[in-house]
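In: Quick one: sequence plus predicted model below, questions after.
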Amino acid sequence: MRRGAVIVARKIFDSQIFIDKPDKWFKIWVYLIGKVNHKDTPRFKKGNGFVRYSEIREACGATKGQVDHAIRWFKREGVLATRKATRGMHITIVKYDLYQNLDNYKRDAESDLKATKKRQRSDTKDKNGNNENNEKNKDICQVFQDYWNSKETLPKIRAFNGKRVDKLKARLKEAVFVESWREAIDKISVSPFCLGQTGGTWKADVSWFLANSDNYVKALEGKYDGEKVETEAQRQAREKDEYEEYQRSMANA
């Protein structure tokens, strides 16, 4: 057994010689790598050597035609150089020192590791950024929902997700909405028309409010204004004031 070893890079499994070419060609290629010198000698430098066609055929179980075609293809691909010699040929494996040096693979592995870590940091940053955006979206949705639901005359928001979130985000790109959405909610919460008290069954809800850039603006502009509707608390306060006024008037009678 010959001493030493050769390196077969993993990326060769994605190469044309491994995927598309006859099986014998790959065997011939590995054999040639093993035949050249792994270090400089007085006769041949590293990556160079001497080989006979008959040796290749015997070692690889290949025909003369298979060897000829394989070597011509190696030369066209620029991975092998040959020079005729008595009873054989001198061969040079191009870039032998690059591919038969483990240190180069270690550097590649380190580069791959650095690239992987960089991608992971980037992914983590993006994930954190997305989490922050999600939290911001969640916060504004909650603020909006809480304010809307504080109006007892309006239909309660039971869930704020999906299309409603998308619509709210779209409205939040509009300066008027950002500045005045609370005022718009205040106005529709006391509008007889928006509360369905002017006939018909329609009643303004959050989907209508966020649907486009017009509905809330019309509310702000007073299009839906009318005689204000009392809330239950306002009604109770009014009735209390009226009762107290009645009591005072009776005492002074």
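Out: Nice, thanks for sending it over. Note that this is a predicted model, so its numbers are computed, not measured.

In: Quick one: residues contacting the closest residue to Thr153 other than its chain neighbours.
Out: Nearest non-adjacent residue to Thr153, counting by CB to CB, 6 or more residues apart in numbering: Ser189, 5.0 Å away. All C-beta spots, glycine's among them, are computed from the backbone N, C-alpha and C. With contact set as CB atoms under 8 Å, 6 or more residues apart in numbering, Ser189 has these partners: 151, 153-154, 195.

In: cool, and Trp181?
Out: Taking CB under 8 Å, 6+ apart as the test, what Trp181 contacts is 144, 171, 216.

In: Confirm that it sits in a strand.
Out: No: counting by DSSP: H, G, I helix; E, B strand; the rest coil, Trp181 falls outside a strand, being helix.

In: Would you quantify the distance from it to Asp146?
Out: 13 Å (CB to CB, to the nearest Å).

In: And for His38?
Out: 75 Å.

In: now Lys223
Out: Lys223 is 26 Å from Asp146, by CB to CB.

In: of these two, who's got more company?
Out: Lys223 (14 against 10; other CB atoms under 10 Å).

In: Quick one: residues contacting the more buried one.
Out: Taking CB under 8 Å, 6+ apart, one finds nothing in contact with Lys223.

In: can you do 10 Å?
Out: For Lys223, the contacting residues are 187, 191, 193-194, 214-215, 217, by CB atoms under 10 Å, 6 or more residues apart in numbering.

In: Ile71: neighbour count?
Out: Neighbour tally, Ile71, other CB under 10 Å: 21.

In: Over to Val51?
Out: 19.

In: swap in Ile185?
Out: 20.

In: And the pLDDT at it?
Out: In this model, Ile185 is scored at 94, pLDDT.

In: Looks like it contacts Asp146 (just checking).
Out: No: between Ile185 and Asp146 there is no contact under CB atoms under 10 Å: 11.2 Å.

In: Name the residues of the host helix or strand of Lys218 that come out as buried.
Out: Using DSSP states H and E, Lys218 sits in helix 215-220. Residues 215-216, 219-220 are the ones in helix 215-220 that count as buried (16 or more other CB atoms under 10 Å).

In: Equivalent analysis for stretch 140-160, please.
Out: 141, 144-145, 148, 153-155, 157.

In: One more: stretch 65-73?
Out: Per 16+ other CB under 10 Å, stretch 65-73 contains these buried residues: 66-67, 69-71, 73.

In: from the residues you listed, which is closest to Val79?
Out: Trp73 (9.2 Å; CB to CB).

In: re the thing from before, can you pick the most crowded of the contacts of Lys223?
Out: Cys194 (26 neighbours).

In: what's the pLDDT at that residue?
Out: 90.

In: and it, what does it touch?
Out: So Cys194 contacts 153-154, 187-188, 202-205, 208-209, 215, 219, 223-226, 229 (CB under 10 Å, 6+ apart).
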